[in-house]
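Trainee: Here is the input, now give the coordinates:
(one chain, ligands or ions: 1)
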Amino acid sequence: MSSTEPRADSSYALEPIAGGEVFLRNFHPRDIPRLGEIVAEALREHYEPSLYLSLSQQWPQGFLIAQDRMGVPQGFLLGVNQVPGEARVLMFAVDGRWRDRGVGAHLMESFLQRCKSRGMARVTLEVRVGNATAIRFYTRFGFSVNDLLRGYYSDGENGYQMSRDL
Ligand SMILES: CC(C)(COP(=O)(O)OP(=O)(O)OC[C@H]1O[C@@H](n2cnc3c(N)ncnc32)[C@H](O)[C@@H]1OP(=O)(O)O)[C@@H](O)C(=O)NCCC(=O)NCCS
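Mentor: Sure thing, here's the model as predicted:
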């Protein structure tokens, strides 16, 4: 391994993306403080650290981290499998400085692949009605709107439920 390669933990499957500057791996509990920062900035939500931990235990392969060369998370996708045959994206965000470089696309592609490998038939998610960037992103990935969720977010904004078949 050269000195420019990121420090790898043997339990991680590192996949280089964004020109080799970002790597996909599985979630680790030490990521939680950094994920809290990304969630506050990108999603305007605050969750207890224990929530990330308990959700990660349900389906560890559904919780993907995009780390920089220093091992610091710069994006993540947290999916759950609570309904048989169906995955749900609970949280998905990339740090503002790392957007529009394909990090989100790689997180989503890997997640959809993992869903298929687990034999799932459908993926659902919720998105703020005013989040045109995310709605365009999801549409590009084959998601379409199923339902309007009134007052779904903690600040009262409506949401859309979107889904796609696998
Ligand atoms: C939605 C989100 C996760 C997407 O992450 P991202 O890393 O910016 O995603 P990508 O870079 O793969 O794609 C974003 C855009 O950049 C473009 N892009 C990707 N790689 C690119 C590159 N190398 N050069 C130029 N543009 C590029 C994509 O075509 C895409 O444009 P489009 O959506 O208009 O087609 C990110 O915008 C985000 O964190 N938003 C705030 C949180 C949020 O809204 N989360 C979803 C809540 S439901």
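Trainee: When you work out contacts or count neighbours from here on, use the C-alpha atoms and nothing else.
Mentor: Noted.
Trainee: looking at this, Met108 is in a strand?
Mentor: No - when DSSP: H, G, I helix; E, B strand; the rest coil is applied, Met108 is found to be helix, with no strand at that position.
Trainee: Which pLDDT value does the model give the nearest residue to it once chain neighbours are set aside?
Mentor: Spatial nearest neighbour of Met108, chain neighbours left out: Leu77 (7.4 Å); criterion: Cα to Cα, 6 or more residues apart in numbering. Here, the pLDDT recorded for Leu77 equals 98.
Trainee: And Ala18, by the same measure?
Mentor: Taken from the predicted model, the pLDDT recorded for Ala18 is 62.
Trainee: How about Thr133?
Mentor: As predicted, Thr133 sits at a pLDDT of 96.
Trainee: wait, does the host helix or strand of it contact the ligand?
Mentor: Secondary structure from DSSP states H and E places Thr133 in helix 132-140. Yes - Helix 132-140 comes into contact with the ligand when judged by Cα under 6 Å from any ligand atom, the residues involved being Ala134, Arg136, Phe137.
Trainee: Can I get the buried ones among those residues as something I can paste into ChimeraX?
Mentor: Paste this into ChimeraX to select the buried members of these, with burial taken from 16 or more other Cα atoms under 10 Å:
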select :134
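Trainee: moving C-terminal of the helix or strand of the chain with the lowest mean pLDDT, what's the next helix or strand?
Mentor: Taking mean pLDDT, DSSP states H and E as the measure, strand 15-17 is the helix or strand of the chain with the lowest mean score, a mean of 64. Taking DSSP H and E as the definition, the helix or strand that follows strand 15-17 towards the C-terminus is strand 22-26.
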